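Undergrad: Attaching a predicted model along with its sequence, questions to come.
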Amino acid sequence: MRWEDWEPFYLRIVREMGYSIEEDRKAAQILRALLLEGDKYILKEELGAVVGRKAYVFGAGPSLEKALEKFDFSDGTLIAADGATSALLENGIVPDIIVTDLDGRIPDLKIANDRGAFMVIHAHGDNVDKLTVYVPMFSRILGTTQTEPLDIVYNFGGFTDGDRAVFLAEELGVREITLVGFDFGSLVGKWSKPGLRDHSPIWESKRKKFEFAKELLEWLEKNDRAELKRLSP
Ligand SMILES: Nc1ncnc2c1ncn2[C@@H]1O[C@H](COP(=O)(O)OP(=O)(O)OP(=O)(O)O)[C@@H](O)[C@H]1O
Ligand SMILES: Nc1nc2c(c(=O)[nH]1)N=C(CO)CN2
Ligand SMILES: [Mg+2]
């Protein structure tokens, strides 16, 4: 997704969610400084070499658990959206790539990164403290922003970790993307937040995020090259 296509979505998201563009921009600069400091960042080309033509993108929806037990995912690149990483690890699966804004279960992200997962870490105005604390913990990091892209901090479009993971896959050349655990319903998957003990009734801000995510995925299906499939148990 090009900046020109993303910007109108972003401006609507900022208005609807009450975000600060300036804070989002600052977060991107802070992430850039952290990446340069640690020198553990990777560029888009390096991550492109990791993906194949087919990928599974895992969302943290309640249906994920059964899908992981039922289906075989060995014929594609595995991309986990933040909290979904925990469910994959519980099933003995290490994702190839994790797309996160660092509000999931950090210890599970660390285990996956130590076992080879690449980290696509997103900066925004509400996770600057998390960036500062956690970015130094990880290796093989590609940085992303939702404001104008910087030299080593990319913007491939997408809003929530899940749909941002789909836009990343498309940008890296994946042509068949299968969504797993993308429920966008009234229950938030328990892996979504460290404190959730079980799948929980959706709260207002999360419902709005899912609406934007659905709209962005519909845009991708109409305008982009990748074919989107859905797998539900
Ligand atoms: N029912 C669901 N519950 C949780 N995540 C879901 C669900 N259906 C789809 N997903 C996708 O899985 C991703 C899980 O990532 P995560 O739980 O970290 O959310 P997020 O995008 O960071 O939003 P938030 O800022 O509210 O945490 C979501 O971004 C969303 O796109
Ligand atoms: N400013 C801001 N931006 C976001 C936020 C958020 O909470 N605040 N959550 C997101 C979900 O991954 C993506 N982008
Ligand atoms: Mg998240």
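TA: That came through, no problem. Residues are numbered from 1 along each chain as shown. Ligands and ions are numbered 1, 2, ... in the order given.
Undergrad: and the residue of this structure nearest ligand 1?
TA: Closest contact between the chain and ligand 1, by C-beta to the nearest ligand atom, is at residue 162 (2.1 Å). Bear in mind the C-beta positions are built from the backbone N, C-alpha and C, glycine included.
Undergrad: Now that we're looking at that residue, what pLDDT does it have?
TA: The per-residue pLDDT reported for residue 162 equals 98.
Undergrad: tell me the secondary structure for residue 79?
TA: For residue 79, the secondary structure call by DSSP: H, G, I helix; E, B strand; the rest coil comes out as strand.
Undergrad: Which residues are in contact with it?
TA: Contact analysis of residue 79 by C-beta atoms under 8 Å, 6 or more residues apart in numbering lists 55-58, 95-99, 165, 168-169.
Undergrad: Between the residues you listed, which sits nearest ligand 2?
TA: Closest approach between the contacts of residue 79 and ligand 2, by C-beta to the nearest ligand atom: residue 99, at 8.9 Å.
Undergrad: Just give me how far the strand or helix carrying residue 14 sits from the chain centre.
TA: Residue 14 is part of helix 3-17, with elements assigned from DSSP states H and E. Helix 3-17 sits 17 Å away from the centroid of its parent chain (C-alpha atoms, centre = their mean, to the nearest Å).
Undergrad: which helices and strands sit right next to that helix?
TA: Where contact means 3 or more C-beta pairs under 8 Å, 6 or more residues apart in numbering; DSSP states H and E, helix 3-17 is packed against helix 204-223.
Undergrad: in the next helix or strand along the chain from the helix it packs on, what's buried?
TA: Next helix or strand after helix 204-223 toward the C-terminus (DSSP H and E): strand 227-231. In terms of neighbour count (16 or more other C-beta atoms under 10 Å), strand 227-231 has its buried residues at 228, 231.
Undergrad: Let me know the pLDDT of the residue nearest to residue 179 when sequence neighbours are not counted.
TA: Spatial nearest neighbour of residue 179, excluding adjacent residues (C-beta to C-beta, 6 or more residues apart in numbering): residue 230 at 4.9 Å. Each residue has a pLDDT score; the one for residue 230 is 95.
Undergrad: what sits against residue 230?
TA: Here residue 230 is in contact with 178-179, 182 (criterion: C-beta under 8 Å, 6+ apart).
Undergrad: show me what contacts the residue of the chain closest to ligand 1?
TA: Counted by C-beta under 8 Å, 6+ apart, residue 162 has contacts 57, 59-60, 81, 84, 99, 179, 182, 213.
Undergrad: Throw the residues you listed into a markdown table and include secondary structure and neighbour count, thanks.
TA: Putting those into a markdown table (DSSP: H, G, I helix; E, B strand; the rest coil; neighbours: other C-beta atoms under 10 Å) gives the following:
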| residue | secondary structure | neighbour count |
| --- | --- | --- |
| 57 | strand | 30 |
| 59 | coil | 29 |
| 60 | coil | 28 |
| 81 | strand | 33 |
| 84 | helix | 33 |
| 99 | strand | 31 |
| 179 | strand | 23 |
| 182 | coil | 27 |
| 213 | helix | 22 |
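Undergrad: so which of the residues you listed are also by ligand 3?
TA: Subset of these in contact with ligand 3: empty, counting by C-beta under 5 Å from the ion.
Undergrad: show me where this protein has helices.
TA: With helices called from DSSP state H, the chain shows them at 3-17, 21-38, 44-48, 64-70, 84-90, 106-114, 128-134, 161-171, 204-223.
Undergrad: taking these together, which one is wrapped up most tightly?
TA: By mean neighbour count, with neighbours taken as mean count of other C-beta atoms under 10 Å, helix 161-171 ranks first of the helices of the chain at a mean of 27.
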